[in-house]
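1. Mind folding the following:
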Amino acid sequence: MTAPATGRRGRAALPLHVELVRQLSQWRVLAAVAVLLALPVVVRVAFLLGGARPSGSGTDLAALAQSSGGGFAAFVLLVSGGYLVTIVTAVLFGDLIAGEASRSTLKYLLAIPVPRLRLLGVKALAAAVVLLAALVGMAAVALLVGVLSYGPGGMQVPNGPRLDIGATLLRLALTTAVTPFGLLWAAALGLLLSVLTSSPLAAAGGVVVVAIVSTTLDQVEALKDFRLWLPTHWAFSYQQFLLQPIDLKPVAEALASGLVWVVVLGPVAAWWFHRKDIAG
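-> A predicted model of the protein is given here:
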């Protein structure tokens, strides 16, 4: 008779909103989110220090960034891709279990009691929510800074049309929504490394090292189709919505590749955490 009651207590022991508050109370998580939110301001300051404003003509978003508020926001989303968002993802997911272990709070969480797989799942979901919120916040701040600096105009698509503000907002929203597709592998690997080690910095660092190696190998044309299996090969698929014409194939490939990494690494992380000795 006591087992069902324990199960109910376990399911209610760690609600998502409680875990969100717990994660946002950690300085590493706050620092990672702050980096994304501050990026638009940093880019704007860089433009100010760079001197004269370009004419707004060119064939890439860097040359068009100061032509309008929409163009500036698009450029910020472009430069945030790659290593920056990967590092933020690595920090968020690498801190999940390793952070608790390093703070000696993990054994107390499990003593609530809360089932281990629920603990891992809620923590991963909370990290995903924080990451998505940070990406949306960065896009919103970029648009605000861009509009205040360069006016409310739409973005000029390189080698394409100038979009109105409605079409620009749609492109920015789609870009932000697709960006996590290229980060699924980093989230899955960060989660796995987080249960393998008690050092959140080691877990995050492992993801960054894999990203560097994968990006380097992706430049080796002799590897041919092997590059398609590299985790970072589709990391820049979100750029499709900032270009003309839009090619949805890389977006679909990025989602498929990311899901493969989640399906492969996620169960391994769950299995290892389920059998992990956390008594100490």
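2. where do the helices sit along the stretch 101-250 of the chain?
-> 106-110, 116-150, 165-178, 184-196, 200-218, 249-275 (DSSP state H, counting those that start in this stretch).
3. Pick the most deeply packed of the ones you listed.
-> With neighbours taken as mean count of other C-beta atoms under 10 Å, these reach their highest mean count in helix 184-196, at a mean of 27. Any C-beta I mention is one placed from the backbone N, CA and C, and that applies to glycine too.
4. So which other helices or strands are in contact with it?
-> Judged by 3 or more C-beta pairs under 8 Å, 6 or more residues apart in numbering; DSSP states H and E, the packing partners of helix 184-196 are helix 83-94, helix 98-102, helix 116-150, helix 200-218, helix 249-275.
5. what's the distance between the fourth one and the middle of its chain?
-> Here helix 200-218 is found 14 Å from its chain centre; the criterion is C-alpha atoms, centre = their mean, to the nearest Å.
6. what do you get for the second one?
-> Mean C-alpha position of helix 98-102 versus that of the full chain (C-alpha atoms, centre = their mean) differs by 21 Å.
7. packing partners for that helix?
-> Other helices and strands packing on helix 98-102, by 3+ C-beta pairs under 8 Å, 6+ apart, are helix 184-196, helix 200-218.
8. Just the angle for the last one relative to helix 184-196, thanks.
-> Here helix 200-218 points in a direction 140 degrees away from that of helix 184-196 (axes from the mean of the first three to the mean of the last three C-alpha atoms, to 10 degrees).
9. pLDDT (mean, whole number) over helix 200-218?
-> Averaging pLDDT along helix 200-218 gives 94.
10. Over to stretch 29-49?
-> Per-residue scores along stretch 29-49 average to 94.
11. What helix or strand is F47 located in?
-> F47 belongs to helix 27-50 when assigned by DSSP states H and E.
12. Poorly predicted segments of the stretch 1-150 of the chain, please.
-> 1-13, 51-60 (pLDDT under 70).
13. rewinding a little: how far is the helix holding F47 from where the chain is centred?
-> Using C-alpha atoms, centre = their mean, the offset of helix 27-50 from its chain centre is 15 Å.
14. what does it contact?
-> 23-24, 53, 65-66, 72-73, 75-76, 79-80, 84-85, 87-88, 91-92, 95, 99, 130, 133-135, 137-138, 141-142, 144-146, 149, 200 (C-beta atoms under 8 Å, 6 or more residues apart in numbering).
15. right, and the helix or strand after it?
-> helix 61-64.
16. what about dumping the CA coordinates of that next one to PDB?
-> Presented in PDB, the C-alpha positions along helix 61-64 are these (Å, rounded to 0.1, in the frame of the first residue of the first chain):
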ATOM      1  CA  LEU A  61      24.000  40.300 -43.700                       C
ATOM      2  CA  ALA A  62      27.100  41.900 -42.200                       C
ATOM      3  CA  ALA A  63      27.100  44.600 -44.900                       C
ATOM      4  CA  LEU A  64      23.300  45.100 -44.400                       C
END
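17. Show me what whichever helix or strand comes after that helix is packed up against.
-> Using DSSP H and E, the next helix or strand after helix 61-64 towards the C-terminus is helix 69-80. Contacts defined by 3+ C-beta pairs under 8 Å, 6+ apart place helix 69-80 against helix 27-50, helix 61-64, helix 116-150, helix 165-178.
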